[in-house]
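Q: Take this sequence and fold it.
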Amino acid sequence: IGLVGSEMCIRDSSKTEEIYNKYKKFKRDKQLLLEQREECEEGKKRIRLFSGLPVDIQALTECEFVKARFGHMPKDCLKRLLEIHKDDPYIEFFKSYESETDCWGIYLVPRSDFERVDSVFASMLFEPINIPSASGEAEKVEEQIDKNIEILNRQILEAEALEEYYFKPVSYTHLRAHET
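A: Next up is the predicted model:
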């Protein structure tokens, strides 16, 4: 006994919903991969600004008694900061990169004086930058990020190939040819 249109729709509705749910999950997973890659690329840009510092970034961020703050500030503000606070042993900025207008780098301060020193730097337009957590000097961290980006690129290509295979658009002319 053959099924007519509405009976086929009822019979196939659970399969259609299952396929649709798989497609939505697939699209979400692919979007997560794309977002992770973008995050890695942004992290790589940020870490590159600190490649002039010959220090282990993770070791700095894990210090028990010293807080490290990465960021940038206008050159003229840095000059003024160092002039005004030349006698303060905790006001020191280690430059890693300079543009025409700004300096990127790090300042280190005992945790006990962090709030005071942080407010001094903030008053001079210092903008903290979150950098990726990883071990090693900036160049090593950048290499680690590059490896992560390579892995993500492969996963994205695999996802796109699967998407093309399983979810490619169906040609209506192809379907109509089977109706006759």
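
Q: Which pLDDT value belongs to the residue most central in space within the chain?
A: Centre of the chain computed as the mean C-alpha position; nearest residue by Cα atoms, centre = their mean is E39, 1.7 Å away. pLDDT, E39: 85.

Q: any idea how far I149 is from it?
A: Separation of E39 from I149 (Cβ to Cβ, to the nearest Å): 10 Å. The way it works is simple: take the backbone N, C-alpha and C, and place the C-beta from them, glycine included.

Q: about what we covered before: packing partners of whichever helix or strand the residue nearest to the centre of the chain is part of?
A: Assigning secondary structure by DSSP states H and E places E39 in helix 5-48. Under the contact definition 3 or more Cβ pairs under 8 Å, 6 or more residues apart in numbering; DSSP states H and E, helix 5-48 sits against helix 138-167.

Q: ok now the helix it packs on, how far from the chain's centre?
A: Here helix 138-167 is found 13 Å from its chain centre; the criterion is Cα atoms, centre = their mean, to the nearest Å.

Q: Let me see the mean pLDDT of it.
A: pLDDT averaged over helix 138-167 gives 81.

Q: Any buried residues in it, and which?
A: A138, V141, E142, Q144, I145, N148, I149, L152, Q155, A159 (16 or more other Cβ atoms under 10 Å).

Q: relative to helix 5-48, how tilted is that helix?
A: 170 degrees (axes from the mean of the first three to the mean of the last three Cα atoms, to 10 degrees).

Q: Would you mind pulling up the elements that helix 138-167 packs against?
A: Going by 3+ Cβ pairs under 8 Å, 6+ apart, helix 138-167 lies up against helix 5-48.
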